[in-house]
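Okay, structure incoming, though there's no sequence with it:
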């Protein structure tokens, strides 16, 4: 998996993310009736890398949009295929949808991550087991600051 790591202040920013779940063209409030772009994969923060932030973005659309080129196969356990640029996705569809909400949570490695790597991703070791030093021993601290929409969508403050 290709990750572009950019140092920003005392933390690290990953410019590419992996899609965890995505549904589109949801009629009204019937989420199950929406089209799934990529099936759910539990978060898998690497061991020793501190807290990871996971962001949920909600986009409002007035009419159905053709997302066929964004659909991943089901199930999709390939990290390369799950790599996704929210910025590029939004720019491609910005005339048809509007950011309407966001939420985020933080989590860190626990024993369930090993199961995700071994069983779902078919990796012999988790990233934390085989790539120690990715962040050069600097764990990401937990934060209480909520990032702005501009920071999340455009990468700026």
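Ah, there it is. Just so it is clear, the structure is predicted and the values come from calculations on it, not from any experiment. Residues are numbered from 1 along each chain as shown.

how close does residue 60 get to residue 123?
Distance, residue 60 to residue 123, using Cβ to Cβ, to the nearest Å: 37 Å. For glycine as for every other residue, the C-beta is placed from the backbone atoms N, C-alpha and C.

Could I get the average pLDDT for the lengthiest helix in the chain?
Criterion DSSP state H: the longest helix present in the chain is helix 86-93. Averaging pLDDT along helix 86-93 yields 87.

In terms of secondary structure, what does it contact?
Judged by 3 or more Cβ pairs under 8 Å, 6 or more residues apart in numbering; DSSP states H and E, the packing partners of helix 86-93 are strand 52-61, helix 149-154.

on that earlier part again, and residue 60 and residue 123? which has more neighbours close in?
Shown here are residue 60 and residue 123; by other Cβ atoms under 10 Å, residue 123 has more neighbours (17 against 9).

Doesn't residue 106 belong to a strand?
Yes - per DSSP: H, G, I helix; E, B strand; the rest coil, residue 106 lies within a strand segment.

Tell me the confidence at it?
pLDDT recorded at residue 106 is 89.

Could you find the closest non-adjacent residue to it?
Nearest non-adjacent residue to residue 106, counting by Cβ to Cβ, 6 or more residues apart in numbering: residue 51, 4.5 Å away.
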